[in-house]
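Q: generate a structure from the sequence data that follows.
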Amino acid sequence: MNQPLIEGCVDSYASAAAAVIGGADRLELCANLAIGGTTPSPALFKQVQRDCEIKINVLIRPRFGDFLYSEPEMEEMCTEIRAFQALGANGVVIGCLTPEGGLDEEKMRRLMDCAGEMEVTLHRAFDMARDPLETLEAAVSLGCRTILTSGQASCAPAGLELLRTLRARAAGRIDIMAGCGVKKENIRLLHDGAGITTFHTSGRGAPIDSGMVYRKAGVSMGLPSLSEYEIWQTDPEEFRLCAEIVHGLEK
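A: Below you'll find the predicted structure:
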């Protein structure tokens, strides 16, 4: 069984620093977590790499939405993977599906060829796939190191039964990392109920109120459901509490 590990899912310098202070073993660096995450900028990567002395995996996702990618999007992702490889990223986090809901092995292989020796995580495109066990075997055959999954449910605790099945079926061939809704209150449940030892969390606390004094009413820069005057980021104390539980688990 793998050594227990907690990965911080972060989309800003402040969140990356907070996760490291809180005891993260690894970071998944992305942008725009409010829409599920997209590829971060090289500038952000270089800042985090400079000041955070832990491994950094980079999300490669060109846009919000499905995981059915066009040729221009594939070209974009290949270029980004090569760029982050040159910058020294530990790994990339990727996922491509076919229109029928299978893992698109041809496109995955193309991205993985660009990644070379970097670690590859299959992200939560897995949770949108038609057949989880078939997708698991495809990921293993491709050589992915990790699958990030909620157990194809709204959150990891709700996917406990499938997470247990996936971990048993993986049999050490690939790491099953629980993500989505992972909190200090449910880490032991995921470990005891499914044998999970690798966890992915943003460790967010309550939203931080903006420093803006003047606030324009009735105008939204993005999703109307999100306030322009709330900042979501990792809370170091929240992350520390999660990390303490993870690092105290039996292997």
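Q: and the gap between residue 103 and residue 147?
A: According to C-beta to C-beta, to the nearest Å, residue 103 stands 10 Å off from residue 147. C-beta coordinates here come from the backbone N, C-alpha and C atoms, glycine included.
Q: wait, residue 118
A: Residue 118 sits 16 Å away from residue 147, going by C-beta to C-beta.
Q: the two: who's more crowded?
A: Neighbour tally, residue 118 and residue 147, criterion other C-beta atoms under 10 Å: the higher count belongs to residue 147, 27 against 18.
Q: okay, strands next: where are they in this protein?
A: Under the criterion DSSP state E, strands of the chain are mapped to 5-10, 26-29, 55-59, 91-94, 119-122, 146-149, 175-179, 198-201, 208-209, 230-231.
Q: direction included, what does the second one pair up with?
A: Partner strands for strand 26-29, per DSSP bridges, with pairing direction: strand 5-10 (parallel), strand 55-59 (parallel).
Q: would you put the C-alpha positions of that strand in CSV?
A: Provided in CSV are the C-alpha atoms of strand 26-29 (Å, rounded to 0.1, in the frame of the first residue of the first chain):
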residue,chain,number,x,y,z
ARG,A,26,2.3,17.6,-3.5
LEU,A,27,0.4,20.3,-5.3
GLU,A,28,-1.9,20.1,-8.3
LEU,A,29,-1.6,23.6,-9.8
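Q: buried sites along it?
A: 26-29 (16 or more other C-beta atoms under 10 Å).
Q: please name the nearest non-neighbouring residue to residue 207.
A: Spatial nearest neighbour of residue 207, chain neighbours left out: residue 230 (3.8 Å); criterion: C-beta to C-beta, 6 or more residues apart in numbering.
Q: OK, contacts around residue 144?
A: Counting by C-beta atoms under 8 Å, 6 or more residues apart in numbering, residue 144 makes contact with 108, 112, 120-122, 174.
Q: dump the residues you listed to a markdown table, plus distance to residue 167, neighbour count and pLDDT.
A: Output for the contacts of residue 144, formatted as a markdown table (distance: C-beta to C-beta, whole Å; neighbours: other C-beta atoms under 10 Å; pLDDT from 0 to 100):
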| residue | distance to residue 167 | neighbour count | pLDDT |
| --- | --- | --- | --- |
| 108 | 22 | 22 | 98 |
| 112 | 23 | 18 | 98 |
| 120 | 19 | 23 | 98 |
| 121 | 16 | 27 | 98 |
| 122 | 15 | 27 | 98 |
| 174 | 10 | 22 | 98 |
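Q: closest one to residue 43 among the strands of the chain?
A: Residue 43 sits nearest to strand 26-29 of all those, at 11.6 Å, using C-beta to C-beta.
Q: other residues contacting that closest one?
A: Applying C-beta under 8 Å, 6+ apart, the contact partners of strand 26-29 are 5-11, 16, 19-20, 40, 44-45, 48, 52, 54-59, 90, 93, 121, 200.
Q: please apply the same query to stretch 210-220.
A: 226, 228-231.
Q: which positions in that stretch come out as buried?
A: Using 16+ other C-beta under 10 Å as the test for burial, stretch 210-220 gives no buried residues.
Q: end-to-end on stretch 173-184?
A: Terminal residues of stretch 173-184 are spaced 27 Å apart (C-alpha to C-alpha, to the nearest Å).
Q: list of residues touching that stretch?
A: 2, 7, 9, 121, 124, 127, 136, 139-140, 144-151, 154-158, 163, 166-167, 170, 190, 194, 196, 198-201, 238, 241-242, 245.
Q: what of stretch 42-51?
A: For stretch 42-51, the surrounding residues in contact (C-beta under 8 Å, 6+ apart) are 10, 12-13, 16-17, 27, 29, 31, 56, 58, 83-84, 87-89.
Q: same deal with stretch 154-170?
A: 132-133, 136, 140, 147, 149-153, 176, 178-182, 186, 189-190, 193-196.
Q: what about the helices in the stretch 1-150 of the chain?
A: 13-22, 42-51, 71-87, 105-115, 132-142 (DSSP state H, counting those that start in this stretch).
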